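[1] dropping a prediction and its sequence here:
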Amino acid sequence: MLSMTQFAKEESDDFAAIGQNPPDDSHLATSASAPPREGYATGNDAQRPVIRASNVDFFYGNAQALFDVSMDVPRNRVVALIGPSGCGKSTFLRCLNRMTDLIDGVRVNGSIQLDGEEINRPDLDVIELRRRVGMIFQRYNPFPKSIFENVVYGLRISGVRDRRALEEACERSLRGAALWDEVKDRLKESAFELSGGQQQRLCIARATAVNPEVVLMDEPCSALDPRSTARIEKLIGELRNKYTIVIVTHNMQQASRVSDFTGFLYEGRLVEFGVTQTLFTKPIEKETEDYITGRFG
Ligand SMILES: Nc1ncnc2c1ncn2[C@@H]1O[C@H](COP(=O)(O)OP(=O)(O)OP(=O)(O)O)[C@@H](O)[C@H]1O
Ligand SMILES: [Mg+2]
C-alpha cells in the first residue's frame, strides 16, 4: 500500500515523465466549509468548465440521493469521484448525461450545464447529449455484433453510410483505445470473443467513435484483472488529451494515479473537491481525511 506522500511523489513523476509540471488548478478547489466559488471570468472559453453542476439535488421517489452538489469539471482533465458505497457517485455520474431519465419516479433540482447549456431543459435532444457525454460501465457491455459493428454503431445510427468513412472511424477509434493491433485482423468476429479487458477497450472505442466531449466511466476496471486495469489506466492518460473524463472509482490508488482532480462524496454531499495530489495529502475536511486514511468506508 502506498503512503500518501508516495502518491504525491508518483503523481509529480508522472508529469515529469511527459515533460510537464502538474497543472496549477488550485483555484478550482472547493470544500464544504469553503466560501462559495467565485465562478470563471466571463468571456474566457478556454477556462470555462466543460461541465458545471450547480446545487444539484437528486431524488429517487422520496429518497434524496444528492444534496446541493456543485462541481466544475475542467476541460481535458480527469476528475475522479470517490466515496463509500451508496454515497451517490453513480447517481451524480448518470445525471451528467441524463441516464437517470431511464429510471421512473426520479427528480432533479439545480442546474447542470454542458458548455454553458442547461442539460435538464425538457426540449434538449437527449440522444445528442449522450453522444457528447459518453459512458463506460463497470460491466463492459459490447453489443452482440462484430467488433467493427460495435465501434461504428453510433455513427450508423447518426446516419453515416459511407463504408470508407466507417472504416476510417473504426480504425481511428480502435487505435485511440489501444486495441487496433490486437483486433485489426478479426474485425468481423463477434465482440464476445474478446477478453474482458479487450471488451472494455472496445466499449471505449465505441464511446469515442462519435467524438464526444466528455467520457464518463463508472468503475471501469472493477471487473478486470490487474494487467487489464493497468492498460485502461494508461489509456485514460492518453484519452485525456482529447476528452474530459469523469471516473468513479473505489480504488484510491487508482484515483491518485489517473486523475487531476478528485471529488469526495459522502452521504450524497460533495464534501471536498480539489487537485488530486492536494486532496490526498492535505485534505481540508476531516471527513475526507478519515476516508482516505481508511478510518471509515
Ligand atoms: N434506481 C434506484 N432506485 C432507488 N434508489 C437508488 C437507485 N439507484 C441508487 N439508489 C440509491 O441512491 C443512493 C446512491 O446510490 P449510488 O448508486 O449513486 O451510490 P454509489 O456511490 O455509486 O455506490 P457504489 O459505490 O456502491 O456503486 C443509494 O442510497 C442507493 O440505494
Ligand atoms: Mg456506483
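    Looks like it arrived, so ask away. Ligands and ions are numbered 1, 2, ... in the order given.
[2] can I get the helix or strand hosting F92 as PDB, trimmed to CA atoms?
    Following DSSP states H and E, one finds F92 within helix 89-95. Provided in PDB are the C-alpha atoms of helix 89-95 (Å, rounded to 0.1, in the frame of the first residue of the first chain):
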ATOM      1  CA  LYS A  89     -21.200   8.600  -7.100                       C
ATOM      2  CA  SER A  90     -23.100   6.700  -9.800                       C
ATOM      3  CA  THR A  91     -26.100   8.800  -9.400                       C
ATOM      4  CA  PHE A  92     -24.100  12.000 -10.000                       C
ATOM      5  CA  LEU A  93     -22.400  10.500 -13.000                       C
ATOM      6  CA  ARG A  94     -25.700   9.400 -14.500                       C
ATOM      7  CA  CYS A  95     -27.100  12.900 -14.000                       C
END
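[3] and that helix, what's its mean pLDDT?
    In this model, helix 89-95 carries a mean pLDDT of 98.
[4] against which helices or strands is it packed?
    Applying 3 or more Cβ pairs under 8 Å, 6 or more residues apart in numbering; DSSP states H and E, we find helix 89-95 packed against strand 51-60, strand 63-73, strand 78-82, strand 214-218, strand 244-248. C-beta coordinates here come from the backbone N, C-alpha and C atoms, glycine included.
[5] a markdown table for those strands, including mean neighbour count?
    Shown next, in a markdown table, are the helices and strands packed on helix 89-95 (neighbours: other Cβ atoms under 10 Å):
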| stretch | mean neighbour count |
| --- | --- |
| strand 51-60 | 18 |
| strand 63-73 | 18 |
| strand 78-82 | 26 |
| strand 214-218 | 24 |
| strand 244-248 | 25 |
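[6] hmm, back to that, list the buried residues for the helix holding F92?
    89-95 (16 or more other Cβ atoms under 10 Å).
[7] what's the first helix or strand after that helix?
    Assigned by DSSP H and E, the successor of helix 89-95 is strand 106-114.
[8] quick check: residues of the stretch 1-150 of the chain near ligand 1?
    60, 63, 65, 83, 85-91, 103 (Cβ under 6 Å from any ligand atom).
[9] for these, name the two members farthest from one another.
    The span of these, defined through Cβ to Cβ, is set by G83 and I103 at 20.4 Å.
[10] which one's more surrounded, the two?
    More crowded of G83 and I103, by other Cβ atoms under 10 Å: G83, with 24 against 11.
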